[in-house]
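> show me how the following folds:
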Amino acid sequence: MKEMQSTLKESVTFKGLGIHTGHEVTMTVNPAAANHGIVFTRTDIDKENLIPALAEYVVDTSRGTTIRKDDVTIHTIEHLMAALRGLHIDNALIEINADEIPIMDGSSVFFAKKFEEIGNKELEEERQYYEIKEKIDFSVPEKGIEISIYPDDHFSVDVMIDYDSKVLGHQYASLPNLDNFVEDISKARTFAFWHELEFLFKNNLIRGGSLDNAIVVVEHEVPQKDVDRLAGLFNKPSIEVKEGYLNNLELHYPNEPARHKLLDLIGDFMLIGKPIKGKVVAKRPGHYANTEVAKKIRQTLKKNRKKSNAPQYDPTKAPVYDVVRIQETLPHRPPFLLVDKIIHLDQERVTGVKNVTMNEPFFVGHFPGSPVMPGVLQIEAMAQVGGILVLNTVEDPENYLTYFLKIDGVKFKKMVVPGDTVVFDLELIEPIRRGLAHMKGKAWVGDTMVMEAELMAQISKVKNK
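Presented below is the predicted three-dimensional model:
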């Protein structure tokens, strides 16, 4: 059976503190259309900003996973991302009024339980997996980090951690499938060692941290004066150190730290952009290693996409954009509107269709008795399809135009004539930054490539709107 993509049935709002900034945060997770993916937007910033949750936007992994596009940043996304993956939510628009996801209790359970309560809405597009065909390895030997992914027919994770800690010891956690995510993994809280806390606090981190949203591991006996000083930092009247943990914290699971590392890995692997089928075995994983593996898989995805054959077009299937929706996005109008349908659209790729008929006005003079679609109009049609991709990155596309700055590597491989259905497939060569979009496009008639080109465009807001 086909698995269909899903989103939430309705929006849900969370409020809490950012663990490092201490800022009050309001975050709303909204339903989104098929192929939208997981996208963040900052509501506290006046300018338009959409940040796709993809590995190439990761800029820091020191104390959580941080993504940035242009100069807009979102910190500590991993617990929310894990909950989305654990509940099989492929598409969501996440509005947030600060630069950090609320930490809640340091786990994913608040997000996961709410998503479970609201329920998923099935969409009309099939869920696309990345199937691991051969073993993937990543390691940082000096830190004892190893991640391997083996081919399998479903997703599973085994995690092992050993920090030379007499309290934690050697821990192992396993998730055979995502069906058990909510009960077995989502409640696992983040953890830190006692010796890290004062350093973090003095470096303006963990301002929203408390003994309610983190497990604190105590390896050695601590002088009472140091305990009292830390109590002051956390605005607590007193702190008790007992049996290796602050305040004799009751663990949700005997191996809760290992399960939290597994949770983090699931969240970070969401940055691949599509779920994987494979068995993950990880030793001492962390955000850096997780996101490096995600980047490696995304590079493979892009290479495979470039090697793939023509995109498949089913004329009986409802388009993502019909011509009415296209005209709501693009300023072009007949006879200069040269795209009839959009059949695929996500944050990186767009596929559009142009049905070429003898009624096109340019066939009157190009050429009498031997009608051929002008190459310059093929480029224009490709540019219009690319414009849909570019304008999909702003919230009010009707107020923007795309101006093409450069066209390179144009190759015409076969004539386009009346009766042809041309499928234009464009993909970003690199993420859109500062309004500049660089795309690689190919045009197909059936299984034959008829044209290819690289295009660069500038997004510009229309004046007096």
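> residue ranges with poor pLDDT in the stretch 51-200 of the chain?
Counting by pLDDT under 70, the stretch 51-200 of the chain has low-confidence residues at 198-200.
> try it again with 80
Within the stretch 51-200 of the chain, the stretches with pLDDT under 80 are 194-200.
> would you map the strands across it?
Ranges of strands within the stretch 51-200 of the chain are 51-52, 58-60, 66-69, 72-74, 92-96, 120-126, 130-131, 136-140, 145-151, 155-162, 170-175, 191-193, based on DSSP state E, counting those that start in this stretch.
> go through those strands and name the closest to residue 419.
strand 120-126 (29.1 Å; C-beta to C-beta). Using the backbone N, CA and C atoms, a C-beta is placed for each residue, glycine as well.
> ok now the closest one, how far from the chain's centre?
18 Å (C-alpha atoms, centre = their mean, to the nearest Å).
> buried residues in it?
Neighbour-count burial for strand 120-126, counted by 16 or more other C-beta atoms under 10 Å, picks out 120, 123, 125.
> again with stretch 30-37
Using 16+ other C-beta under 10 Å as the test for burial, stretch 30-37 gives 30-32, 34-37.
> repeat for stretch 134-147
Under the neighbour-count criterion of 16+ other C-beta under 10 Å, stretch 134-147 has 136, 138, 145-147 buried.
> restricting to C-alpha, output that stretch in CSV.
Output of stretch 134-147 as CSV, limited to C-alpha atoms (Å, rounded to 0.1, in the frame of the first residue of the first chain):
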residue,chain,number,x,y,z
GLU,A,134,24.6,0.5,0.8
LYS,A,135,26.1,1.0,4.2
ILE,A,136,26.8,4.6,5.2
ASP,A,137,29.6,5.3,7.8
PHE,A,138,30.6,8.4,9.7
SER,A,139,33.1,8.6,12.5
VAL,A,140,35.1,11.0,14.7
PRO,A,141,37.7,8.5,16.1
GLU,A,142,39.2,10.9,18.7
LYS,A,143,35.8,11.4,20.3
GLY,A,144,34.6,7.8,20.0
ILE,A,145,31.8,8.8,17.7
GLU,A,146,30.5,6.2,15.1
ILE,A,147,27.3,6.2,13.1
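> how about the buried residues of stretch 30-37 in JSON lines, adding secondary structure, pLDDT and distance to residue 382?
Converted to JSON lines, the buried residues of stretch 30-37 look like this (DSSP: H, G, I helix; E, B strand; the rest coil; pLDDT from 0 to 100; distance: C-beta to C-beta, whole Å):
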{"residue": "30", "secondary structure": "strand", "pLDDT": "97", "distance to residue 382": "32"}
{"residue": "31", "secondary structure": "strand", "pLDDT": "96", "distance to residue 382": "31"}
{"residue": "32", "secondary structure": "coil", "pLDDT": "94", "distance to residue 382": "26"}
{"residue": "34", "secondary structure": "coil", "pLDDT": "89", "distance to residue 382": "23"}
{"residue": "35", "secondary structure": "coil", "pLDDT": "89", "distance to residue 382": "20"}
{"residue": "36", "secondary structure": "coil", "pLDDT": "92", "distance to residue 382": "23"}
{"residue": "37", "secondary structure": "coil", "pLDDT": "94", "distance to residue 382": "23"}
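> please tell me how far the spatially most distant residue from the centre of the chain sits from residue 412.
Here the chain reaches farthest from its C-alpha mean at residue 369, the gap being 51.0 Å by C-alpha atoms, centre = their mean. Taking C-beta to C-beta, to the nearest Å as the measure, residue 369 falls 21 Å from residue 412.
> still on that earlier bit, turn the strands of the stretch 51-200 of the chain into TSV, including distance to residue 356.
Below are the strands of the stretch 51-200 of the chain laid out as TSV (distance: least, C-beta to C-beta, whole Å):
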stretch	distance to residue 356
strand 51-52	33
strand 58-60	42
strand 66-69	37
strand 72-74	41
strand 92-96	36
strand 120-126	27
strand 130-131	34
strand 136-140	43
strand 145-151	43
strand 155-162	43
strand 170-175	51
strand 191-193	61
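> out of those strands, which is closest to residue 41?
Proximity to residue 41, assessed across the strands of the stretch 51-200 of the chain by C-beta to C-beta, is greatest for strand 92-96 (5.6 Å).
> hey, where'd the helices end up in this structure?
Taking DSSP state H to define them, one finds helices in the chain at 78-86, 109-118, 181-184, 194-202, 224-233, 256-269, 287-307, 323-329, 375-391.
> and residue 245, what pLDDT?
Per-residue confidence (pLDDT) for residue 245: 76.
> how many residues are close by it?
19 (other C-beta atoms under 10 Å).
> wait, it touches residue 222, no?
No. Judged on C-beta atoms under 8 Å, residue 245 makes no contact with residue 222 at a distance of 12.0 Å.
> tell me which of the strands of the stretch 51-200 of the chain sits nearest to residue 314.
strand 120-126 (11.9 Å).
> okay, now the sheet partners of the closest one, with direction.
In the sheet, strand 120-126 lines up against strand 4-8 (antiparallel) (DSSP bridges).
> now for the helices of the chain, which one comes closest to residue 315?
Minimum separation from residue 315 across these (C-beta to C-beta) falls at helix 323-329, 13.8 Å.
> ok, residue 262 - contacts?
If a contact means C-beta atoms under 8 Å, 6 or more residues apart in numbering, then residue 262 has 157, 159, 173-175, 185, 188, 282 as its contacts.
> in this structure, which residue is closest to the centre?
Taking C-alpha atoms, centre = their mean, the centroid of the chain lies closest to residue 53, which sits 2.4 Å from it.
> what's opposite the closest residue in space to residue 426 that isn't next to it in sequence in the beta bridge?
Among residues not flanking residue 426 along the chain, residue 441 sits closest, at 4.1 Å (C-beta to C-beta, 6 or more residues apart in numbering). Per DSSP bridges, the residues bridged to residue 441 are residue 426, residue 453.
> local confidence estimate at residue 441?
95.
> same question, the one 5 residues further on
Here the pLDDT value assigned to residue 446 is 90.
> OK, contacts around it?
Contacts for residue 446 (C-beta under 8 Å, 6+ apart) come out as residue 310.
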